[in-house]
Structures are given as structure tokens and as C-alpha cells.
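**Student:** Kindly return the folded structure for what I paste below:
(2 chains)
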Number of protein chains: 2
Amino acid sequence: MLSKQYSKNVNARSVIRDLFEYSKARAAEIGADNVFDFSIGNPSVQPPECVTKVAAEILANEDPVSVHGYPSAEGIPWVRKAIADELNARFGESYTEKNIFMTIGAAAAVTCCVRAVSDFGTNDKIITFAPYFPEYMVYARSAGVKLEVIPADIENFQINFDALEKAIDRDTRAILINSPNNPSGAVYSEETLKKLGALLDAKQKEYGRSIYIISDEPYREIVFRGFKVPYVAGIYANTLVCYSYSKAMSIPGERIGYVAFTDRCEDSDILLKVLAGAARDLAYVGVPALYQLVVGKSTGQTADLSIYQENKDILYKGLIDAGYTCVEPGGTFYAFPRSLEPDAVAFCERAKKFELVLVPGDGFGCPGHFRIAFCQPKEKVQRSLEKFRELAESYK
Amino acid sequence: MLSKQYSKNVNARSVIRDLFEYSKARAAEIGADNVFDFSIGNPSVQPPECVTKVAAEILANEDPVSVHGYPSAEGIPWVRKAIADELNARFGESYTEKNIFMTIGAAAAVTCCVRAVSDFGTNDKIITFAPYFPEYMVYARSAGVKLEVIPADIENFQINFDALEKAIDRDTRAILINSPNNPSGAVYSEETLKKLGALLDAKQKEYGRSIYIISDEPYREIVFRGFKVPYVAGIYANTLVCYSYSKAMSIPGERIGYVAFTDRCEDSDILLKVLAGAARDLAYVGVPALYQLVVGKSTGQTADLSIYQENKDILYKGLIDAGYTCVEPGGTFYAFPRSLEPDAVAFCERAKKFELVLVPGDGFGCPGHFRIAFCQPKEKVQRSLEKFRELAESYK
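**Tutor:** Residues are numbered from 1 along each chain as shown, chains lettered A, B, ... in the order given. Sure, this is the predicted structure:
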């Protein structure tokens, strides 16, 4: 007698959850050390010391009623100002607190942005690129709009511009990008982004209305040597930047993120209120207070992210040496090689025999690939190479 | 070029915000001490000492990666178990962690429950009672269902059963109640709740399907001498209890709440997953981690809520003595007297001349009344009585 829409899926299996259960059961059998669980993308490094220190100081010294009171729906003004200042210093922008809308993590930021640029139950369309974070489909569906997925450019995980150009039409409200990318680790180059900006500018002119970029950037700070993450809003005016401190500060449980938009962005004068309207429909009320304050006092700080660089170096070289085909990750803590048989689900099933727990690319809209979440201790990544080699051998 | 649905309201005035701006401006003119701002319902007492202490201890002693990691979507199992145990001890229930779904405050709890029992874009209907918390309308609209409001029983703010019985039909999925009530302070008696339960049982039989009670209980712990808040789930099986620690622990900014349902509740075996499905659509991801832990280690603790009792005693007696008609608040930190002219908006406008900042009942679906949020220092409540007397005099 409950909601039909939510009851019908309660017995649906989740690939990731099944893998999690499998991995736990297997660890109980042969010891956690011997299971190489690369399925879950949880930050594994310590938050920066300042995060804990600042939180403790606020608890010790500030008035609890004021610390834990209702923050305003848009976020605490001085926190937004601090974030604006940091972005200005890094990217040469001129944000003020009026350009920053605090959100309960990047998921809430993306959801609010999708709703801010589209209308429920219309033909409005958001375009994204495979491989993509599967929750995007949920955010679009629950906002009552269509998510169209452009097939992956599997050679380098940049943008398939021919397919994109064909897909953009009068109903296209936004292009949702995620660079550095989960699951591929790919980073859009300056060239890619400039080409995207030029295409969208042309299409805006053609249709006489705005097409926004919603830029989902939770992995912005995890960038590897030789790569650069260009600031999308610096390239294309109608960009809504969605950020999260989950990965940069290793505090995913505290749910702190934001949306940032420049004054060059179309309708920037009402955007804060439009975002707040969307957040209100979602019953967000406000963003957790203590960690808003912590983030505001810790701008510019990140966890020590160097372990991800080391893991990526070890893993990427090891995979290539073992004969895998893999686009070199430019950031994040993911690699997304091709599976050694066309059916990535079968491939990942076989990988279990070598104690490797991997996620098939199918759920990311990119079959024939698998995701390795290498947010694991370095020694484990190192030890896994032999397993990956044995797995490859088994296909010869 | 933004969303039409969210753009059209950006210039809508908010009564509460306007009052807030007025009050701030007036305080700058004549001093904050001389403005009696009773418009905002923010907890004004210190959180219990343990809340700060427990948070500091966790930060000092536990592994940050584990403290601030992603909690599971349903909430941290041992925290849910601790909450279940507390409810069992207080209300003689037999909850386990499987009966508790953590939420980002009571707003999220109510929203998830509305979606859990209804389907978007159908004729599904939720019924509530005036005076009611205006956000209920937003939650219902964004869930794509109708909210029908039963006119207030202005004699005692219990339930107008004749009107309710007429309103319940085959499309009625839930009755949304809020006791102790914002804005009236009224507490539903055991008699009222038993009568409600009996009516719903009969209607369930008549229609051959469940009708749930969604019981929004953020003020459960703020109860005045002579009143008792019966445990709704103990009276009616199909009850979804929505709770928040915002008022009980004075931590509204941390956004911690939960949904609780007994095993007697229809479809309780899938309810946790159904709620999680609704939460996923809303991009909730999870409930802030540190304060989940804090709440789990602080069950049974509340702020010192005695100030609200004192304020209520002073204010209620003072209002009655001054000639106002007011149902005695049984809980919360609100009183909801009748305005001294039929137009409560005009009344509240006149009140400003006496430096009283009050909220007209119209926004709560109950014209002819006004809300006093007495979460203010006692001396201020005391000093306000003279102003209320002068205001009453002005009508003679």
C-alpha cells in the first residue's frame, strides 16, 4: 500500500552493493588482506589536520546556540565570501558571496542546478557524456526532464563533438560535464572545453536562448602530474560550477558543497533565489552548520592527495605492462580500462577468481570497460598488479 | 532563461523575511532591547553540554577517515539501534535498527514519508489540519500530490472530525499531523488520537487499503505541565513518526532527524527501502556523519527546556489578563491567540506601533490569529506584556 514508484524497485539488485556484500563475505573466508576490493570510491586519506582542529576550536570557543543555529538557506554569508575569495585568488574571478550557494554536497548542487535551468514535465533536456555517474539519471528523472547520454569517445574520453552537435536542439537546457571524471579519471583539456564553449555559443545564438554548462567538479583538486583542470567558468560564461569538499578534504559524510556562478552568467541576478527555490522543493532547509563554518575557515586546504598520484602511477603502468588498454587518468582515484572480453560483466565475474573486485562499465553507460577505484593503501595496489597480470594471462 | 517554475516566484515577498528585515531595521533605530521580535522560531537555549562534549571527544579520539566517511543511506546502524533502544525504553515498543531511517532533519523525514505513501501525478491526497506549517504545501506539491487542509477547530485546536470524515476518500494516502503544533502550541489529547485512529481504521476497512498517519514531532520534548504527548505509533499501527533533534537538542543547523515505524505498520518490511528510494530521488545521499554519531551517543539528552515553560506561563497568563483569547499551549515555544480584529495582517501591522513583531495566522491557513514565537529571553517576554496590554487597549 506504499508508493508504487518506490515499491517496485525495492528488490532490484545494486551491482555495487552486491560487490560490497561479496567482498565482505570473501574477506571473512580468506582475510581482508587477500581481497582486492576496488569497487567503492570512498576517500581513503586523512582529512587535513586543520579540519579537525578548526572544528574542535569552534566547539571549544564559540557560542553553541549560534554555531548550531539555523543557517540561512543560501548558506552562511561569511563562509560564502571566504569561498568566493579563494576562487577569485585561484581563478582570477570576481565572485562575491552573492555568487555562491551552499549545498548539501555536490549531489544536491547538481540536482538544484538541473532544476534551476529546466521545467518539470516539459521536453526540456539535459545532455551528458558516457561514461557518466549513474545518479545523474535519477536527478534528471526526479526533476521531470530527459537526460540524453552521448556515447563515449573511448579513445581518450574527451568529447564526441559530432554526436553532441547532433544531439543539441531547442529543448537542450544544459550540458552536464564531470571533469575530472568518475569513472574514467579523464580530464577535459583546455582545447576540449574551448571547443565545447564555442559550439554552445553558436547554438545559443541559433536558438536565441541560453544553454548552461553544469560542471560537476568534486574531483577538481585530485589532478595528476602532466594534467591541468581548466576552470570551466573562465571559458564559458553560462557555467554553473558544482563543488564538494568530500574528496578534497576527505569529509564525504559531512555533506558540504556549493554552486558558484559568475556575474557573466545569464540571469545571474536571480540565480541564487532560483537555486533556493529548487532547494526548498527538495526540503533541504539548510546546509549542516558546523562544517559550513569549518570549510569557511579552511579554504585552500586539502587532504594529502599524493597517495592517489602514487597509486595511479603504479596501477596505470602495471596495467599497460600487463597488456590492458587504458586511457591514462588525469585525476580522481579511478581508472577505467577496457575489459579483456566484450562483456564487462562476465569479465568482472572472472576477475573475482583472482580476488579482484571490479565494477563493470555498463552502469556508467560504457560497456566493455571496468572501473578500478584505487583509493586503497599503496601496498595493496602494488600487490594487485600480479592479480591483474594473472587475469590477463587467463585470456591468452 | 532559467526554470520558469522557480523564476516566477523570485520576487514574491516572504512575510517572515519581511518581518525579519523590519525588525533588524527597527532595532538599528531604537535598540534591539526595545524591539519585541516574536517572529522567528529558532531554539534559544544552549544545547545540552554532552552534545558539545561528545562531538569534541569524537574529534579528539576517533579515526577521522572513519568518522567523516560516507554513512550508509539509511543511517549508521549502531546510531539507529541506539535510537530504537531509547524509543523502546520510553514507549514500550520493540524497534530495532531496521525500524529507523535517519534523515536530514524532520523536513526531509516528512518529505520522504509523503513520497513513500503516494505517487506523483496521481489523485493521491494527503490531509492536514489548520493551522499548519506552510512548508507542508511545498512538500506535497513537489511530490506531485494534493494537500487538503481541514479548517481549524479554533476552540481548542484539536481535530474537526466532521470535516475530516467528509474529506477522507479513496485517494487519501495519509493524514499529516503535527503535535505539539507549530503555530498553535496545541497538543493532541489521547482522546483525540484514539478517535482519529478509530476513524482511520474504519476508513481503511471501507476502502480496503492503508491510510497512514505521518506524525511530525520535532517539538515532542517541549511539553508543559499538565499536558502529555501520547505516542502516536502506540495508538495507531500505520504511523510514520518523523522526528528532529533541532528543538530537543537546540541543534537545528546540524540537520539530524529520523523516521520510525513499528513492525505493526503495513508494509514495514519494505518501508526502509521505499524511504531510501525517495531520499535518493531527492539527492540526499546521507545524513551528516559527525552529528549522527553525536546523537547516537547522546540519546535521552535534551537541552534545558524549562525556559520555554516559564515563558509560556508568563505570556499565557499575561495575554489572558489583557483580554486576549488564546488556547493554552501544551508544548512548543509558540502561542497562537486570536487577533483583536478579523484581519490578522492589519492587526500585526498595528502591533508594530507597539514594537511587537508578530506573524499573522493567514500563512498557517488560520486567519484571525497571530503567532508569538516565545523562544526569547524571559525578561523580554516579561517586558512584552505591557506592550500587549497597550495594543489591546488601542482596540477599546
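**Student:** Tell me who's in contact with the closest residue in space to A:Asp281 that isn't next to it in sequence.
**Tutor:** Among residues not flanking A:Asp281 along the chain, B:Ser142 sits closest, at 3.9 Å (C-beta to C-beta, 6 or more residues apart in numbering or on different chains). Glycine gets a C-beta too; all of them are placed from N, C-alpha and C. B:Ser142 sits next to A:281-283, B:111 when contact means C-beta atoms under 8 Å, 6 or more residues apart in numbering or on different chains.
**Student:** how about a cut-off of 10 Å?
**Tutor:** B:Ser142 is in contact with A:115, A:120, A:142, A:278, A:280-283, B:5, B:111, B:114-115, B:120, B:282, counting by C-beta atoms under 10 Å, 6 or more residues apart in numbering or on different chains.
**Student:** swap in A:Ser66?
**Tutor:** With contact taken as C-beta under 10 Å, 6+ apart, A:Ser66 is in contact with A:289, A:293, B:253.
**Student:** between the residues you listed, which is closest to A:Glu217?
**Tutor:** Distance to A:Glu217 across these (C-beta to C-beta) is lowest for A:Leu293, with 22.4 Å.
**Student:** Next, the angle from the helix or strand harbouring the closest one to helix B:289-296.
**Tutor:** In this structure, A:Leu293 sits in helix A:289-296 according to DSSP states H and E. Taking axes from the mean of the first three to the mean of the last three C-alpha atoms, to 10 degrees, one finds that helix A:289-296 is oriented at 150 degrees with respect to helix B:289-296.
**Student:** What distance do you get for A:Leu305 to chain B?
**Tutor:** From A:Leu305 across to chain B, the span is 14 Å (C-beta to the nearest C-beta, to the nearest Å).
**Student:** close enough to count as contact, that residue and A:Pro43?
**Tutor:** Yes - at 9.2 Å, A:Leu305 and A:Pro43 qualify as touching, with contact defined as C-beta atoms under 10 Å.
**Student:** Compare these two and say which is more crowded by neighbours.
**Tutor:** For A:Leu305 and A:Pro43, the more surrounded residue by other C-beta atoms under 10 Å in any protein chain shown is A:Pro43, and the numbers stand at 24 against 20.
**Student:** Correct me if wrong: that one contacts A:Glu254.
**Tutor:** No - if you go by C-beta under 10 Å, A:Pro43 and A:Glu254 don't touch, sitting 11.7 Å apart.
**Student:** what sits in contact with each of the two?
**Tutor:** The contact sets of A:Pro43 and A:Glu254 overlap at A:246, B:68-69 (C-beta under 10 Å, 6+ apart).
**Student:** The longest helix along chain A and chain B, any residue contact?
**Tutor:** Longest helix of chain A, by residue count under DSSP state H: helix A:190-207. Yes - if you take C-beta under 10 Å from any C-beta of the partner chain as the test, helix A:190-207 does meet chain B, through A:Gln204.
**Student:** Buried by neighbour count: which residues of that helix qualify?
**Tutor:** A:192-193, A:195-197, A:199-200, A:203-204 (16 or more other C-beta atoms under 10 Å in any protein chain shown).
**Student:** Kindly report the same for stretch A:378-392.
**Tutor:** Buried residues in stretch A:378-392, counted by 16+ other C-beta under 10 Å: A:380-381, A:384-385, A:387-389, A:391-392.
**Student:** By average pLDDT, which secondary structure element in chain A comes out worst?
**Tutor:** Lowest mean confidence among the helices and strands of chain A (mean pLDDT, DSSP states H and E): helix A:15-30, at a mean of 90.
**Student:** residues making contact with it?
**Tutor:** Applying C-beta under 10 Å, 6+ apart, the external contacts of helix A:15-30 come out as A:14, A:32-41, A:134, A:345, A:348, A:352, A:355, A:357-360, A:362-363, A:371, A:373, B:72.
**Student:** would you put the C-alpha positions of that helix in CSV?
**Tutor:** C-alpha atoms of helix A:15-30 as CSV (Å, rounded to 0.1, in the frame of the first residue of the first chain):
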residue,chain,number,x,y,z
VAL,A,15,25.8,-4.0,-8.6
ILE,A,16,27.9,-2.0,-6.2
ARG,A,17,26.1,-3.3,-3.2
ASP,A,18,26.3,-6.9,-4.4
LEU,A,19,30.0,-6.4,-4.9
PHE,A,20,30.3,-5.0,-1.4
GLU,A,21,28.5,-8.0,0.1
TYR,A,22,30.6,-10.4,-2.0
SER,A,23,33.8,-8.7,-0.9
LYS,A,24,32.8,-8.7,2.8
ALA,A,25,32.0,-12.4,2.6
ARG,A,26,35.1,-13.3,0.7
ALA,A,27,37.2,-11.3,3.2
ALA,A,28,35.7,-13.4,6.1
GLU,A,29,36.8,-16.5,4.2
ILE,A,30,40.4,-15.7,3.1
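**Student:** Toward the C-terminus from it, list the very next helix or strand.
**Tutor:** Next element after helix A:15-30 (DSSP H and E): strand A:36-37.
**Student:** touching chain B at all, that following strand?
**Tutor:** No - counting by C-beta under 10 Å from any C-beta, chain B has no neighbours in strand A:36-37; the shortest distance is 14.9 Å.
**Student:** still on that earlier bit, what two of the buried residues of helix A:190-207 have the greatest distance between them?
**Tutor:** Farthest pair in the buried residues of helix A:190-207 (C-beta to C-beta) is A:Thr192 and A:Gln204. Separation: 18.5 Å.
**Student:** Can I get the contacts of B:Ser142 in JSON lines including pLDDT, distance to A:Asp18 and secondary structure?
**Tutor:** As requested, those are exported to JSON lines (pLDDT from 0 to 100; distance: C-beta to C-beta, whole Å; DSSP: H, G, I helix; E, B strand; the rest coil):
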{"residue": "A:Arg115", "pLDDT": "97", "distance to A:Asp18": "31", "secondary structure": "helix"}
{"residue": "A:Phe120", "pLDDT": "94", "distance to A:Asp18": "33", "secondary structure": "coil"}
{"residue": "A:Ser142", "pLDDT": "94", "distance to A:Asp18": "24", "secondary structure": "helix"}
{"residue": "A:Ala278", "pLDDT": "96", "distance to A:Asp18": "33", "secondary structure": "helix"}
{"residue": "A:Arg280", "pLDDT": "94", "distance to A:Asp18": "36", "secondary structure": "helix"}
{"residue": "A:Asp281", "pLDDT": "94", "distance to A:Asp18": "33", "secondary structure": "helix"}
{"residue": "A:Leu282", "pLDDT": "96", "distance to A:Asp18": "29", "secondary structure": "coil"}
{"residue": "A:Ala283", "pLDDT": "94", "distance to A:Asp18": "31", "secondary structure": "coil"}
{"residue": "B:Gln5", "pLDDT": "91", "distance to A:Asp18": "38", "secondary structure": "helix"}
{"residue": "B:Thr111", "pLDDT": "98", "distance to A:Asp18": "29", "secondary structure": "helix"}
{"residue": "B:Val114", "pLDDT": "98", "distance to A:Asp18": "30", "secondary structure": "helix"}
{"residue": "B:Arg115", "pLDDT": "97", "distance to A:Asp18": "26", "secondary structure": "helix"}
{"residue": "B:Phe120", "pLDDT": "94", "distance to A:Asp18": "29", "secondary structure": "coil"}
{"residue": "B:Leu282", "pLDDT": "96", "distance to A:Asp18": "24", "secondary structure": "coil"}
